[in-house]
Structure formats: C-alpha cells, structure tokens
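Visitor: return atomic coordinates for the entry below.
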Amino acid sequence: METNNIHFKYNSNMGIEMIFCGDSTISYPTHNHVSVLTVGIVLDGSIVLTANNEVQTYEKNETFAICPYVPHCISAHSRYTLLSLCIDKNKITRCAADKMQNRIIALLMYTLHTEKISQRQIWQLLNCLNEAARSFSLTNDTERHSYKQNPWINDLKNQLERYPERKLSVDEMAKNAFVSKYHLIRRFQAEVGLTPHQFQLQNRIRKAQRLLHKTRTTTEVALATGFCDQSHFIKQFEKQVGMPPRTYQSSFEMIP
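Guide: The predicted structure follows:
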C-alpha cells in the first residue's frame, strides 16, 4: 500500500485540529463535519472539492471554507499537499476571538517549522478563516440548521452524534420514528446530506479517533465504537481517515 504523509495536530482545550496531507493521493468519500468549521489551503498540486452538489477544482495557494454539517468530498486526480484547519464551533462561542486567533496563529507557526508551508500561505489561510467567519454566524449556525429539520430527523441526528456505538439498524430507526425505512432514508439524506447508516458510521469513526488519542488498542476501540468485526472497523477507518488506526495513532500529536 502506498504511504501518504499525513499528520494530525490537535489542541483539545481550544477545539482546534490541524491536518497536514503531504504529497497525498487520498480521496475522501462524502461526509460532513459536525459543529466544525473547516478552512483549507492547497500547498501544492490540486484537489477537486464537491460541496452542496457544487464541484470546484482548487489549485496551489487557493483556499476554501466548509461550514458545519455541509456534506462534501475530496477527489484526487494527482498528488497534492493540503493543510486544513478544523475548529470546533462550540469552543469558538465560549472563547474570546483574540484568544482563539492567537492559538490558531501559534498552531500554524508551529506548522511553519515542521512542514512544507510558507508564512505567506499561513496568512492566506488566516484570511480565509476571517472571511468565512464573517460570511455566516458561527453562534447561530447549528440552531438554524436544527430549526430547518423535522423534529424526528433532528432527534435521530443528535442520537447518532452522541451515541454512534449503539446497535441501531436503519429498520429500528424507522420503527422508532413511525415512518417507513425508505421514507427515513430519503428524508434524512435530503436534510443531513448522508444516509442514516453513513452518518452513523462517520460518527463511529470520529469517536474512534478520539479514543485512539488515549493510546487504546485497535480491538478495544472497535468494540467501544460498535464494530463487532475488527477487520470491518479497520476498513471503514482507513476509508474515512485515509490510513489504518495504528498509523493514525503514530501520526497524531497533541499541541498545548
């Protein structure tokens, strides 16, 4: 299997994660980021980003922003180097803007000394973040999103976010909502951007990432996130993260 140079750096206190994909060929399937604002800059090569059914190619030094819950995917037609910054919206609303920005600058300056990124590109990414923050309300985004959804869809979405490890089939989800299985899938996908099963798997993998930060074994994490088959867990993890669980553990770093 071809090795991709991917590093994850995370500040848990501020809810900031930086992902560096160097000379990568990985394509990511359709997913969304729960309560997370994402901004990125292509450092080399190009990527094809599909978000809200709009397809756009981003070349070197071009930036992009993805709002919370927006379904998107990344396609790689050649090698690329990408730096992404993921910020927990809930943390932002509880922190002073200048304090948050100082932490982000510190994280990016740390990256300047460890990865192939220029100071100019760091400021481009910061400008993208500031523009994204002005274009929509970070404080009210989740509330607006919840308001637009049917109550039973919003309840199911929240349940799958909080307890993705629960053994809950699509048939059981539909029964609990008093709707048919096919109606549930159509309505959920229309409002969330993913099918209930895709959303459940996504949130299982997100929980697995958090557990792997605590140096737990792959077997323990697979069981704790609702996977009965360890090979299935590893396959799904690699599909969504771009690397096996053990490789992810060695690529992850906590930043104070």
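Visitor: lowest-pLDDT helix or strand in this structure?
Guide: Ranking every helix and strand in the chain by mean pLDDT, DSSP states H and E puts helix 141-148 at the bottom, with a mean of 47.
Visitor: against which helices or strands is the longest strand along the chain packed?
Guide: Across the chain, the longest stretch assigned as strand under DSSP state E is strand 36-51. If you count contacts as 3 or more CB pairs under 8 Å, 6 or more residues apart in numbering; DSSP states H and E, strand 36-51 packs onto strand 54-59, strand 63-66, strand 72-75, strand 80-88, helix 89-92, helix 119-135. Where you see a C-beta, it was placed from the backbone N, CA and C, and this is true even at glycine.
Visitor: Cys73 and Asn32, how far apart?
Guide: For Cys73, the distance to Asn32 equals 10 Å [CB to CB, to the nearest Å].
Visitor: and these two? which has more neighbours close in?
Guide: Using other CB atoms under 10 Å as the criterion, Cys73 and Asn32 rank with Asn32 on top: 20 against 14.
Visitor: so who does that one touch?
Guide: Pro68, Tyr69, Val70, Pro71, His72, Val192, Gly193, Leu194, Gln202 (CB atoms under 8 Å, 6 or more residues apart in numbering).
Visitor: show me the contacts for the third one.
Guide: It stands for Val70. Applying CB under 8 Å, 6+ apart, the residues near Val70 are Asn32, His33, Ala51, Asn52, Gly193.
Visitor: go on, the fourth one?
Guide: Contacts of Pro71 were listed using CB under 8 Å, 6+ apart, and they are Thr30, His31, Asn32, Ala51, Asn52, Val192, Gly193, Leu194.
Visitor: quick check on the residue lying closest to it once chain neighbours are set aside: phi, psi?
Guide: Excluding its sequence neighbours, the residue lying closest to Pro71 (CB to CB, 6 or more residues apart in numbering) is Gly193, at 2.9 Å. Per-residue torsions, Gly193: phi 100, psi -10 (degrees, to the nearest 10).
Visitor: so Gly193 is in contact with Tyr69, correct?
Guide: Yes - look at Gly193 against Tyr69 with CB atoms under 8 Å: they come within range, at 7.2 Å.
Visitor: rewinding a little: just give me the neighbour total for the residue nearest to Pro71.
Guide: Gly193: 19 neighbours (other CB under 10 Å).
Visitor: and what of Glu220?
Guide: 12.
Visitor: please apply the same query to Asn102.
Guide: Look at Asn102: counted by other CB under 10 Å, it has 12 neighbours.
Visitor: is it fair to say it lies in a helix?
Guide: Yes - counting by DSSP: H, G, I helix; E, B strand; the rest coil, Asn102 falls inside a helix.
Visitor: coming back round to it: how about the contacts of Val70 in JSON lines, adding distance to Ile117 and pLDDT?
Guide: Below are the contacts of Val70 laid out as JSON lines (distance: CB to CB, whole Å; pLDDT from 0 to 100):
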{"residue": "Asn32", "distance to Ile117": "26", "pLDDT": "92"}
{"residue": "His33", "distance to Ile117": "22", "pLDDT": "90"}
{"residue": "Ala51", "distance to Ile117": "23", "pLDDT": "93"}
{"residue": "Asn52", "distance to Ile117": "28", "pLDDT": "83"}
{"residue": "Gly193", "distance to Ile117": "30", "pLDDT": "89"}
